[in-house]
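> What follows is a predicted structure for the sequence shown.
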Amino acid sequence: MTNATMNTVLITGTSSGYGLETARYFHAQGWNVIATMRTPREGLLPEGVRILALDVTDAGSIKAAVEAAGPVDVLVNNAGIGLVGAFEAAPMDYVRKLFDTNTFGTMAMAQAVIPQMRERRSGVIVNVTSSVTLAPLPLAAAYTASKQAVEGFTGSLAHELAVFGVRVKLVEPGYAPTTRFAQNIDFPIEEMIPQAYTDFARPIFAAFANPPLTTRESDVAEAIWLAANDTSDRLHYPAGPDAVALAEAR
């Protein structure tokens, strides 16, 4: 089922990857799109898409962006960063940064829009996680934990807000090589693979480089669109053939 009255969407992390494609997709459907990113860049999105600066780890930035956005019918929490490598070598400062963005950033954005949605007794929050929540992968322990936390948060929040007519959804993308999973890591990735893990890591990275199934960015945009417009109580929306296969296997 769809709800045609919902026509304003705020999307986080739209500078590239899933977020960029999702902003384009919603715009093509005639929605009022508010695309946010830490450093706004011109030329990425079609004319008519409103671009706002937003750092989901900064309370002041969140407040300013939500106030500037005005009434939001759908919030898409897409902003996130990745981390691959042996957990014993993961700098804890970066692990905290990972949770600040992927987990606490998602929570903070939800908290910022809930009051307006509750008062209107309508709205949708779509949280984008990952297929690692369906089948945890080696060499991604901290990243998986940050996304698993969002899954639990979303399931609980969905119950909490249903009484107010607000729906909360999970989109679980599969692996998309084009999303540059580790692009935000600010230290050499080689530091994440100690000598003892070399033989173990080699075939895993080879599989990452040539996966049997991959997810297109358009698959994720379409799943987010479906989640945003689905008026049922469905919670999980795997995106991409690999994620769908994992969900069915589980």
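Happy to help now that I have it.

> So which elements touch the lengthiest strand in the chain?
Scanning the chain for the strand with the most residues, using DSSP state E, yields strand 166-173. Here strand 166-173 touches helix 105-120, strand 123-128, helix 141-162, helix 217-229, strand 236-239, helix 241-249, going by 3 or more Cβ pairs under 8 Å, 6 or more residues apart in numbering; DSSP states H and E. In this view, the C-beta of every residue, glycine as well, is placed from N, C-alpha and C.

> quick one: strands adjacent to the fifth one?
So the one you mean is strand 236-239. Looking at strand 236-239 with DSSP bridges, its partner strands are strand 166-173 (parallel).

> could you give the angle of the partner strand to strand 123-128?
If you take axes from the mean of the first three to the mean of the last three Cα atoms, to 10 degrees, strand 166-173 sits at 20 degrees to strand 123-128.

> just checking, next helix/strand downstream of strand 166-173?
Per DSSP states H and E, strand 166-173 leads on to helix 198-209 as the next helix or strand towards the C-terminus.

> if we can go back for a sec, could you export the longest strand of the chain as PDB, CA atoms only?
These are the backbone C-alpha positions of strand 166-173, laid out as PDB (Å, rounded to 0.1, in the frame of the first residue of the first chain):
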ATOM      1  CA  VAL A 166       4.600   6.900  12.800                       C
ATOM      2  CA  ARG A 167       6.300   4.000  11.000                       C
ATOM      3  CA  VAL A 168       9.900   3.000  11.400                       C
ATOM      4  CA  LYS A 169      11.600   0.800   8.800                       C
ATOM      5  CA  LEU A 170      14.900  -1.000   8.100                       C
ATOM      6  CA  VAL A 171      16.600  -1.200   4.700                       C
ATOM      7  CA  GLU A 172      19.400  -3.800   4.600                       C
ATOM      8  CA  PRO A 173      21.600  -3.300   1.500                       C
END
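
> and it, average pLDDT?
Across strand 166-173, the average pLDDT comes to 96.

> With stretch 59-67 instead?
pLDDT averaged over stretch 59-67 gives 98.

> Flag every buried residue along it.
Ser61, Ile62, Ala65, Val66 (16 or more other Cβ atoms under 10 Å).

> which ones are touching the last one?
Residues in contact with Val66 (Cβ atoms under 8 Å, 6 or more residues apart in numbering) are Leu10, Val72, Ala112, Val113.

> so what's the second one closest to, chain neighbours aside?
By that I understand Val72. Distances taken as Cβ to Cβ, 6 or more residues apart in numbering put Leu10 closest to Val72, at 4.7 Å, once the chain neighbours are dropped.

> Look at that neighbour and report its pLDDT.
Turning to Leu10, the model gives it a pLDDT of 98.

> cool, Gly82 as well?
Among the per-residue scores, Gly82 holds a pLDDT of 91.

> where are the low-confidence patches of this structure?
The chain contains residues with pLDDT under 70 at 1-6, 177-190, 249-250.

> returning to what we had before: of the buried residues of stretch 59-67, closest to Ser156?
Ile62 (21.0 Å; Cβ to Cβ).

> tell me which element the closest one falls in.
Judged by DSSP H and E, Ile62 forms part of helix 59-69.

> about what we covered before: can you add distance to Leu54 and give the buried residues of stretch 59-67 back as CSV?
Output for the buried residues of stretch 59-67, formatted as CSV (distance: Cβ to Cβ, whole Å):
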residue, distance to Leu54
Ser61, 6
Ile62, 7
Ala65, 4
Val66, 9
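
> In three-state terms, label Ser15 for me.
coil (DSSP: H, G, I helix; E, B strand; the rest coil).
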